[in-house]
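Asks: Could you work out the structure for the sequence below:
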Amino acid sequence: MRTKKDTIKYLFNIVYNHGRLVDLIIPFSRIKELDDAYKRNYNKFATFEDFENNLFQTIKDIKKSKSAYSEIKKQFSLKLALQPSVLTECFVAQTLANHLNLDKYIDFDTTTQVPTQLLGATFSRKGSGDGYDFRYCYYDDTFDTLLFQCGASGTVDIVFTKYKISIRVEIKEQVSKLEECDITGLYDEQGKLHIDNKFIVKRTKYIPFVNLFNNLTNIFDTEGHNFSFSRYLNNERAREIVSDSLGIKNVDLFILVIGNTLVPTLSNYLFDFVTFEGSEIRPAGRNYKKYIFTPNFAKLKLKSLGGVVESKNIVKMPFNSSNLIKGRNQDTYNRYGIGSLLFVKLDFCKIEGDLIKFDFYQIYQKIPSISIHLNAFINKASLSIQHNKLN
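Replies: Okay, the predicted model is just below:
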C-alpha cells in the first residue's frame, strides 16, 4: 500500500536527479528581469496585446512557463503588480512539470470545463484542504501525477499528487524573506520600541530582539539603516522562529532555488541548508500611520532640514526634488520624504518656487518592522543522507 513517503520520495528523486540536481528552464536572473520589465511597463499600455507586442523581445521568455504567462495576463487586466516571488514559483512549477512529463495544463480561474478526473483529485484527494486555493494545474492523460500551483497567502506554493496521495511543497529563493511584521507598539519620543498586547499575542518570539534593540540603540540613531540581529540569532532560537512560521503549513518538502538550481530538502533537514543573515529590525517598514506619533521628533526633523511650522500648523521648508518618492510598484511620484521615517503625500503639498508647503498634521509616519531572512546554500552531504533515507 502506498504512503505519503512514496509521494515525497518520487518528487525528491526527480529533483535530486541522481545527485546532478535539476536546473530552472531559464536562469534565475532572467526571471528577475521579467519581473522588473513587467513592473516598469504594465501601466504604460491600454491593452495586454499592446503590452505584449511592444515588449515581445523583452518578455518573450515569459511564455516558457504557462502559469507565468497566465499570471501576468491576469495582473495586467487588474492593473496590479505581480506578487513577490510569484514568477519564481511559476518557473519552478513549469520546470517540475517538464521533468515529470506533465504536458497538460489548466488555469482554474479561466477554464469553464475541468476534466472530471481532475475535479475528483482536487476535492477528494488525500491531504489538507487547499483545493479552493488552486490556481493552475499541470497533469497528463493518466491523471496519476498532478502538480497544483497555489496562490493565496497562508497556503503552500505547490500541492503535488502521486499515487492519489498529496504532499505540500514550499518554494524558497536563495535569499528570501521568511516574514516581515509590524512592531505594532510603535516607539516613543526617545526612539525606544514599545511592545503592545497585539504584538505580545502574535509575535512573542520576536520580543527578545525588540528588547535587544532597545538596550543597544534607538530608532532615531538608526534612522536610514536597519538593525541586524543575525549574530544574536542562535541556532536554537532560529529553529524555533522558523519552525513556528512555517509549521502552520506542515510542509513536506522544500524546493530551494540556489543559483539556477533546484534543491530538494525534507522539512526536518531544512536547517542543513540555510543561514539567517539579513534578519533585522527596520525603523521604517512597509506600512505607516496616517498621523505623527512622535510630534516632537517630527518638529526637530523639520528644523534640521530648514523647515519651520508657522501659524495654523503650516510647514514651510526648502524643496528638494531628490526627496520625491515613487509609489510602490508605480512609475510616478506621489510622496515627499522627510528623512526616512516621515513623509507627506504630494496631494497635500504646494510647491512654490524653491519652497514646499503642507499641513504639519498631514505628515505620515512609518511603522517599524521586524523580519527574518533565509539564505540558502547547497549541502551535498545532507542531500545524500536524505536520498539514502528515502530510498
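
Asks: Report the contact partners of F377.
Replies: Taking C-beta atoms under 8 Å, 6 or more residues apart in numbering, we find F377 in contact with I258, F273, V274, T275. Where C-beta positions appear, they are placed from N, C-alpha and C, glycine not excepted.

Asks: how about CSV for the residues you listed, with neighbour count, distance to G285 and secondary structure added?
Replies: Listed next are the contacts of F377 as CSV, based on neighbours: other C-beta atoms under 10 Å; distance: C-beta to C-beta, whole Å; DSSP: H, G, I helix; E, B strand; the rest coil:
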residue, neighbour count, distance to G285, secondary structure
I258, 18, 28, strand
F273, 21, 28, coil
V274, 22, 23, strand
T275, 16, 23, strand
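
Asks: Which of the residues you listed sits closest to K74?
Replies: I258 (28.8 Å; C-beta to C-beta).

Asks: wait, doesn't the closest one sit right on A376?
Replies: Yes - using C-beta atoms under 8 Å, I258 and A376 qualify as a contacting pair, with a distance of 5.4 Å.

Asks: Now do the shared contacts for the two.
Replies: Common neighbours of I258 and A376 (criterion: C-beta under 8 Å, 6+ apart): Q174.

Asks: Would you confirm that R335 belongs to a strand?
Replies: Yes - under DSSP: H, G, I helix; E, B strand; the rest coil, R335 sits within a strand.

Asks: ok, now how distant is it from K289?
Replies: 14 Å (C-beta to C-beta, to the nearest Å).

Asks: quick one, helices of this structure?
Replies: 4-16, 28-41, 48-54, 56-59, 66-78, 86-99, 116-124, 197-202, 207-216, 235-247, 295-304, 380-390 (DSSP state H).

Asks: and the fifth one, what does it pack onto?
Replies: Using 3 or more C-beta pairs under 8 Å, 6 or more residues apart in numbering; DSSP states H and E as the contact criterion, the secondary-structure elements in contact with helix 66-78 are helix 28-41, helix 48-54, helix 86-99, strand 104-107, strand 134-139.

Asks: orientation of that helix relative to strand 134-139 in degrees?
Replies: For helix 66-78 against strand 134-139, the angle by axes from the mean of the first three to the mean of the last three C-alpha atoms, to 10 degrees is 150 degrees.

Asks: tell me which residues of helix 66-78 are tucked away?
Replies: When neighbours are counted by 16 or more other C-beta atoms under 10 Å, the buried residues of helix 66-78 are found to be K66, S67, A68, Y69, S70, E71, I72, K74, Q75, F76.

Asks: do the same with the second one
Replies: For helix 28-41, the buried set under the neighbour-count rule, 16+ other C-beta under 10 Å, comprises F28, R30, I31, L34, D35, Y38, N41.

Asks: distance from the centroid: which residue in this structure tops it?
Replies: Outermost residue of the chain with respect to the C-alpha centroid, by C-alpha atoms, centre = their mean, is S311; its distance is 44.3 Å.

Asks: thought R40 was touching D331?
Replies: Yes - with contact defined as C-beta under 8 Å, R40 counts as touching D331 (6.7 Å).

Asks: Can you check which residues contact both of those two?
Replies: Common neighbours of R40 and D331, using C-beta under 8 Å, 6+ apart, do not exist here.

Asks: what about stretch 344-358, start to end distance?
Replies: For stretch 344-358, the first-to-last residue distance is 8 Å (C-alpha to C-alpha, to the nearest Å).

Asks: for that stretch, which positions count as buried?
Replies: Neighbour counts over stretch 344-358 (16+ other C-beta under 10 Å) mark V344, K345, L346, C349, I356, K357, F358 as buried.

Asks: The second one and G19, how far apart?
Replies: Okay, so that is K345. 55 Å.
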